[in-house]
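K.L.:
3D model of this:
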Amino acid sequence: MTIEQLNIHLRIQYLCKAALALSIGVFGLLVASGNLIDYDSNWQFVRHVLAMDALEPWFDGAALQSRAVSDPFWQRLGYAAIIAGETACGLLCAAGGLLMLKAASGRGGLAWGKSLFTLGALAAILVWYFGFAVVGGEYFAMWASKWNGQMKAYAFIGFILLSLVYIRQAEQRD
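P.N.:
Residues are numbered from 1 along each chain as shown. So this is what the prediction gives:
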């Protein structure tokens, strides 16, 4: 492979990684902006999960219901933390994607782009895995709630983790 062919091969990989990072960044920003523009729809979701007031009739979780958070101040603080995490995910992943796009054009920035994307993916993991699966799903028994968002959270985080593995890999030079 000639040097020119190698450069094209590497730039295509940078471009693919940039597109993936940018798409995740746009996703995070769309989710966050949707939560701000249509605040009430997802506020209801968060409020009911934290209050544990919509558990399925078959679930006898009286012992777990002592964990419920019914104070609107703390519920809104939790919702604000979710929106902040989604925003951080979006901004960091998009910035990382833009730097990888810069690298694809031959102007450098790949390492910083990957690092910013990694931080954005960490924000996503904290929101959708830790926040929804661990805290919401297990601590607040969201799995037994009519307001169960675990499967969506697992889908989001699965895609983001696969993307993280791909983006963090060294580029093939053959």
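K.L.:
enumerate every residue touching residue 112.
P.N.:
Going by Cβ atoms under 8 Å, 6 or more residues apart in numbering, residue 112 touches 96, 99. All C-beta atoms are positioned from the backbone trio N, CA, C, and that covers glycine.
K.L.:
same check on the one 5 residues further on?
P.N.:
For residue 117, the residues meeting the contact criterion (Cβ under 8 Å, 6+ apart) are 21, 24, 92-93, 96-97, 100, 164, 167.
K.L.:
give me the secondary structure label for it.
P.N.:
helix (DSSP: H, G, I helix; E, B strand; the rest coil).
K.L.:
go on, the one 10 residues further on?
P.N.:
Here residue 127 is recorded as helix under three-state DSSP.
K.L.:
now residue 58
P.N.:
Residue 58 - assigned by three-state DSSP - is coil.
K.L.:
distance of it from residue 145?
P.N.:
Distance, residue 58 to residue 145, using Cβ to Cβ, to the nearest Å: 12 Å.
K.L.:
neighbours around the closest residue to residue 68 other than its chain neighbours, how many?
P.N.:
Leaving aside its chain neighbours, residue 68 sits nearest to residue 52 (4.0 Å; criterion: Cβ to Cβ, 6 or more residues apart in numbering). By other Cβ atoms under 10 Å, the residues close to residue 52 number 23.
K.L.:
among residue 58 and residue 145, which residue is more densely surrounded?
P.N.:
residue 145 (23 against 6).
K.L.:
wouldn't that one be in contact with residue 57 here?
P.N.:
No: if you go by Cβ atoms under 8 Å, residue 145 and residue 57 don't touch, sitting 11.6 Å apart.
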